[in-house]
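**Q** predicted model follows, preceded by the sequence.
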Amino acid sequence: MRFYIVDVFAEEKYQGNQLAVLVPDKKLSTTEMQQIAREFNFSETTFITSGKQNNGGYDVRIFTPDTEIPFAGHPTLGTAFVIREFLESGQGDQIILNLGVGQIPVRFTGKEIFMEQKEPSFGMVIDQPEVIANILQIKAQDIRSDYPIQVVSTGLPAVIVPLKSLDAVRRCAIHHSNFQHFIDTMIKCNLLVFVPEAEKEENDLRVRVFMDDTGFFEDPATGSANGNLAGYLLEHNFFQASKINYRVEQGMQRPSLIIVDAEKNNGKFRIHVGGKVFSVAKGEWL
């Protein structure tokens, strides 16, 4: 089968989040897909398991090295890019993916690609900042008290953690055993920390996302979690606006740029998350 490697939410090649996209020429078992995802060992690997269906979408499955997941941001954008560029000859301004969470439309606007995420759901509020601080190895005083630490999901949940300073964001480093205890006793999901400052003047927020997969690695760019954050910012009126548009810096070793356009109107959310995608490699899986 053919495979493609792309960099998503990147400003140029070798930035952003790596994604492997495979186009099977025969039916693969779930076990085989999981083994291939583990072989790539990227944060996610996707499989395009059908051509265009009657509903206009392509069936796609997403795997981390550990498990299959119903939705993730950079795999959605990267897979749509591969479909448009290599399966549809660069034609059209929209690709629809049939994912575990349902249909996700992806639209192409010049050099940038945007996906529309599902309505956010708001979960538990964690009222013990010291628990999160011990996981991140920062001080509880580094966490803002005027906004909640809360679980939010637009398909893949994340704990949203508002920090007070860019310095606090930089100092975060996962304590593995504390994070594992949190996963075992409270909830299994990623951690997103943010601050309304950025390294570059033209950007608006600095974000870091720590994954709950084996090794607790840091994700260089996370579309799903940034969609969760957009819902959180609107729900808690963080910017005192019902419509928000901003640029997010994420990633340490692989810098990333994520663009968010979202609004809340009469209790309904519209969340678009996007960025650029670059082709890196293509080949044949033996």
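**A** Great, that's in hand.

**Q** surely residue 130 meets residue 141?
**A** No - using Cβ atoms under 8 Å, residue 130 is not in contact with residue 141; the gap is 9.8 Å. Just so you know, the C-beta spots here come from the backbone N, C-alpha and C atoms, and that holds for glycine as well.

**Q** next one, pLDDT for residue 95 please.
**A** For residue 95, the pLDDT comes out at 97.

**Q** chain center to the helix or strand where it lies, what's the gap?
**A** Residue 95 belongs to strand 94-99 when assigned by DSSP states H and E. Chain-centre distance of strand 94-99: 16 Å, with Cα atoms, centre = their mean, to the nearest Å.

**Q** equivalent analysis for stretch 242-260, please.
**A** Stretch 242-260 has its C-alpha centroid displaced from the chain centroid by 11 Å (Cα atoms, centre = their mean).

**Q** would you map the helices across the stretch 1-150 of the chain?
**A** Taking DSSP state H, counting those that start in this stretch to define them, one finds helices in the stretch 1-150 of the chain at 30-40, 73-82, 129-136.

**Q** between these, which one is closest to residue 256.
**A** Comparison of those against residue 256 by Cβ to Cβ identifies helix 73-82 as nearest, at 8.7 Å.

**Q** tell me the angle that closest one makes with strand 94-99.
**A** Using axes from the mean of the first three to the mean of the last three Cα atoms, to 10 degrees, the interaxial angle of helix 73-82 with respect to strand 94-99 works out to 130 degrees.

**Q** what sits up against helix 73-82?
**A** 4, 6, 8-9, 16-17, 19, 21, 43-46, 48, 58, 60, 62, 95, 97, 99, 104, 106, 113, 115, 117, 221-227, 273-275, 277, 279 (Cβ atoms under 8 Å, 6 or more residues apart in numbering).

**Q** for stretch 40-59, give the mean pLDDT please.
**A** For stretch 40-59, the mean confidence score works out to 96.

**Q** try stretch 131-148
**A** The predicted model assigns stretch 131-148 a mean pLDDT of 98.

**Q** between the two ends of that stretch, how far is it?
**A** 14 Å (Cα to Cα, to the nearest Å).

**Q** and the contacts of that stretch?
**A** Here stretch 131-148 makes contact (Cβ under 8 Å, 6+ apart) with 125-127, 129-130, 149, 159, 161-165, 168, 171-175, 178-179, 182, 191, 193, 210, 236, 238.

**Q** filter the contacts of helix 73-82 down to the buried ones.
**A** Of all the contacts of helix 73-82 considered here, the ones buried according to neighbour count by 16 or more other Cβ atoms under 10 Å are 4, 6, 8-9, 16-17, 19, 21, 43-46, 48, 58, 60, 62, 95, 97, 99, 104, 106, 113, 115, 117, 221-227, 273-275, 277.

**Q** so which of those residues belong to strands?
**A** If you go by DSSP state E, these have 4, 6, 8, 17, 19, 21, 45-46, 48, 58, 60, 62, 95, 97, 99, 104, 106, 113, 115, 117, 273-275, 277 in strands.

**Q** no further questions, thank you.
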